[in-house]
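Engineer: Turn this into a structure:
(2 chains, ligands or ions: 2)
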Amino acid sequence: MKNNKTLLEIKNLHTGFSINGQIYHAVDDVSFEIQEKEVICVVGESGCGKSVMSLSIMQLLPQENAKITKGEIRFNGMPLTNKTDKEMNNVRGKEISMIFQEPMTALNPVFTIGSQIQEVLHNHLDISKQAARKKSIALMKQVGISRPEKVVDEYPHQLSGGMRQRVMIAIAIALNPKLLIADEPTTALDVTVQAQILELLTSIQQEANTAIMLITHDLGVVAEMADSVMVMYAGQIVETSTTVELFSSPKHPYTEALLHSIPKMEEDVERLHTIGGIVPSLTSMPQVGCRFRDRCPKAFADCRSITPKLAPVGDGHLARCLLYHSCYPKQHRTAEEGVEK
Amino acid sequence: MWKYCLRRILGMIPMLFLISIVVFTLAKMMPGDALSGEIDPLNTDPVYIEDMREKLGYNDPYHIQYGRWISDFIQGDFGRSVRYKMPVSDLIGEKLENTIFLGISALIITYFLSFTMGIFAGRKPYTIGDHIIGAANYFGMAIPSFVAGVFAIYFFSFHLGIFPSNGSVDITLQNGTMEYWLSKLHHVILPALVLGLLSTASYTQFLRNDIIENSRKDFVRTARAKGTSNRKIYHVHILRNSIIPLITFLGFDIVSLVSGAIITETIFTYPGIGQLFVQSVQTNDYAVLMALTMMFSCLVLVGNLVADILYGVVDPRIRLD
Ligand SMILES: Nc1ncnc2c1ncn2[C@@H]1O[C@H](COP(=O)(O)OP(=O)(O)OP(=O)(O)O)[C@@H](O)[C@H]1O
Ligand SMILES: [Mg+2]
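Structural biologist: Residues are numbered from 1 along each chain as shown, chains lettered A, B, ... in the order given. Ligands and ions are numbered 1, 2, ... in the order given. So this is what the prediction gives:
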């Protein structure tokens, strides 16, 4: 999927929450690109800022306490960060759409399924009621909902979680967006349904050439679907590369630990590998040094005093770890000679 | 749905039966009877009074009196008012029209004010506008309606002279003419305002809080992700959810309107059933008193049924069966 046009470009994105009058960054200096038609996966533990990052792109952050404090988001070259809410409404649902983690509560309980799909059509197209109804039924068929003529007049509580997530997907793809953000779309569903939903996403990506940013905990899903991967930790990107590269030669100890924690069938598993400790909370984030150091098996003295930067560690492969020379900030380059990998 | 209504209505019968016993007992326990209120004991032969008591059945055992009353009642014969010298049903019918007019006007005022203020405050919580609305509401809640009524009469009727202070219509006007209806409207505004403001505060605050709560729900985020305008999100997505709990209020509303009407109608000498009720207590007009009490009880039960049915209509998750 190389040599494509850049669809989404994010530069130095900082998103902060104001907690007790102070701003804490849940997304701290994140930069990356998504190419057209690409499937990019974002992985990382709970609480490392994946949802906040995707909501920042959509500008759907909770208005009362969250804010993009710095950085730039460009979609097809057009900056999104300085758009008003009204202007963003022309982008949301049409150019970029989003599927959420929790299908059970994502739909409005008092409106029919049909009307909720038709709403996105009416928002962006000049379309008659009958035409919108027809189109909504066709969309439901496309996402694999059986008896769509009946479901169109049903209410969310009459549908299972998997069905509701299909409805959400129908809404998301209704206008052939260029980018689909799926924030853990299968976490709340059972395993067989998970596989079906992912299959559906893959087929959409292949048929409609939609770029997908898929947020997931599941590295198995990454291996199967992603062109490239971004590993996030504590609000930052700690490693990013193509999928093949990441799985064959992970560079960051956190990535290694994540890969290690996948249970393998063929191995004689004595114990399931887990990463000890937890992600530091927003208010207890270390100001200096590596944010993963307290949980890192390979940590050494520099990890406390020097903050690593995200730097190339291979071909199209970036990491944020002092095990690699390039990750030392400029003022510490003199010390670099002494540190061998 | 019809089955559900029928079942609910049948379920009311034992309730009404119990209520009728309570009403009857209370009426009998009150001192005096219709005769002691209407006949001057100094000018009338006590034998005649005793004869009348016997003739009216006031000396029969209570259960026989009750049986007679309830069987007449079920057949629609509520007895005669000793004060107005006319059948109770005609009397109530005449006054009920005024009270219904007052009640509906008050409801419209309540709904109009609380929706306007509640939506505004809910959309922009913790702003100056919200604080002003909140303060005004708590102030309104703290004032008893009789104080508000007296104040309204003093200010609007005596001081400014723009609204009449009593009656339901200008009696010199011909029934059915345009002027007649306008006069009715003119007379109802002040009492309806006092009665309507009674529940406005609680409605407004409830709606405001529910709108704020709903605006944090996931489905709002979904709607925004679809590119739905903020206006539509509040007026369609959130409001449609927030009116559901308000529907249950409607059942209580009917009750509070009736009890509020008793006070308001008395203050404004507005000839409705509230005023009639107070008079019937003062004059020992038991036939009227019992009929009205039964009617109020029925209203409470019917109000709750209406609320439950409406609940099923507005909330698709609730099925009435
Ligand atoms: N509304 C909020 N107010 C304050 N802090 C928040 C809010 N939402 C998220 N956070 C904080 O932001 C950080 C990142 O949260 P985020 O939801 O993005 O995590 P995530 O990576 O999506 O996790 P998960 O896998 O559980 O979805 C967390 O530390 C969380 O506590
Ligand atoms: Mg999340």
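
Engineer: can you map out the strands along the chain?
Structural biologist: Assuming you mean chain A. Under the criterion DSSP state E, chain A contains strands at A:6-19, A:22-35, A:39-43, A:66-75, A:78-79, A:96-99, A:179-183, A:211-216, A:228-233, A:236-242, A:311-314, A:317-319.

Engineer: The chain in question should be chain B.
Structural biologist: Using DSSP E, the strands of chain B run over residues B:80-81, B:86-87.

Engineer: Burial-wise, tell me which of the ones you listed comes out on top.
Structural biologist: Of all those, strand B:80-81 has the most neighbours on average by mean count of other CB atoms under 10 Å in any protein chain shown, namely a mean of 22. The C-beta positions use only the backbone N, C-alpha and C, and glycine is treated the same way.

Engineer: Can I get the strands of chain A in CSV including mean pLDDT and mean neighbour count?
Structural biologist: Shown next, in CSV, are these (pLDDT from 0 to 100; neighbours: other CB atoms under 10 Å in any protein chain shown):
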stretch, mean pLDDT, mean neighbour count
strand A:6-19, 96, 18
strand A:22-35, 95, 19
strand A:39-43, 96, 25
strand A:66-75, 95, 17
strand A:78-79, 95, 11
strand A:96-99, 96, 27
strand A:179-183, 96, 24
strand A:211-216, 96, 24
strand A:228-233, 96, 24
strand A:236-242, 97, 24
strand A:311-314, 94, 15
strand A:317-319, 96, 22
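
Engineer: Nearest to chain B, out of the ones you listed?
Structural biologist: Across these, chain B has its closest neighbour in strand A:96-99 (4.7 Å, CB to the nearest CB).

Engineer: now check the closest one, is it near chain B?
Structural biologist: Yes - using CB under 8 Å from any CB of the partner chain, strand A:96-99 comes into contact with chain B via A:Ser97, A:Met98.

Engineer: other SSEs contacting that strand?
Structural biologist: helix A:50-58, helix A:161-173, strand A:179-183 (3 or more CB pairs under 8 Å, 6 or more residues apart in numbering or on different chains; DSSP states H and E).

Engineer: can you list contacts of the longest one?
Structural biologist: The set of residues external to helix A:161-173 that reach it, using CB atoms under 8 Å, 6 or more residues apart in numbering or on different chains, is A:93, A:97-100, A:103-104, A:106-107, A:113, A:116-117, A:120, A:136, A:139-140, A:142-145, A:151, A:156, A:159, A:180, A:185-186, A:188-190, A:193, A:196-197, A:200-201, A:204, A:208, A:210, B:222, B:226.

Engineer: change it to 6 Å
Structural biologist: The contact list for helix A:161-173 (CB atoms under 6 Å, 6 or more residues apart in numbering or on different chains) reads A:97, A:99, A:103-104, A:106-107, A:113, A:117, A:120, A:139-140, A:143, A:145, A:180, A:189, A:193, A:197, A:204.

Engineer: And the residues you listed, which of them are buried?
Structural biologist: Buried members of the contacts of helix A:161-173, scored by 16 or more other CB atoms under 10 Å in any protein chain shown, are A:97, A:99, A:103, A:106-107, A:113, A:117, A:120, A:139-140, A:143, A:145, A:180, A:189, A:193, A:197, A:204.

Engineer: quick revisit: would you turn the strands of chain A into TSV with distance to ligand 1?
Structural biologist: Shown next, in TSV, are the strands of chain A (distance: least, CB to the nearest ligand atom, whole Å):
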stretch	distance to ligand 1
strand A:6-19	4
strand A:22-35	3
strand A:39-43	8
strand A:66-75	6
strand A:78-79	23
strand A:96-99	13
strand A:179-183	7
strand A:211-216	7
strand A:228-233	7
strand A:236-242	12
strand A:311-314	23
strand A:317-319	19
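
Engineer: For these, give me TSV that also has distance to A:Arg164.
Structural biologist: Output for the strands of chain A, formatted as TSV (distance: least, CB to CB, whole Å):
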stretch	distance to A:Arg164
strand A:6-19	27
strand A:22-35	27
strand A:39-43	23
strand A:66-75	26
strand A:78-79	32
strand A:96-99	11
strand A:179-183	14
strand A:211-216	18
strand A:228-233	27
strand A:236-242	31
strand A:311-314	42
strand A:317-319	37
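
Engineer: so which of these comes closest to B:Ile74?
Structural biologist: Closest approach to B:Ile74 among the strands of chain A is made by strand A:96-99 (61.5 Å; CB to CB).

Engineer: contacting residues for the spatially most central residue of chain A?
Structural biologist: Most central in chain A under CA atoms, centre = their mean is A:Ile215, positioned 3.5 Å from the mean C-alpha point. For A:Ile215, the contacting residues are A:Val42, A:Lys50, A:Asp183, A:Glu184, by CB under 6 Å, 6+ apart.

Engineer: from the residues you listed, which is closest to A:Phe17?
Structural biologist: A:Lys50 (14.8 Å).

Engineer: what's the closest non-adjacent residue to the closest one?
Structural biologist: A:Ile215 (4.7 Å; CB to CB, 6 or more residues apart in numbering or on different chains).
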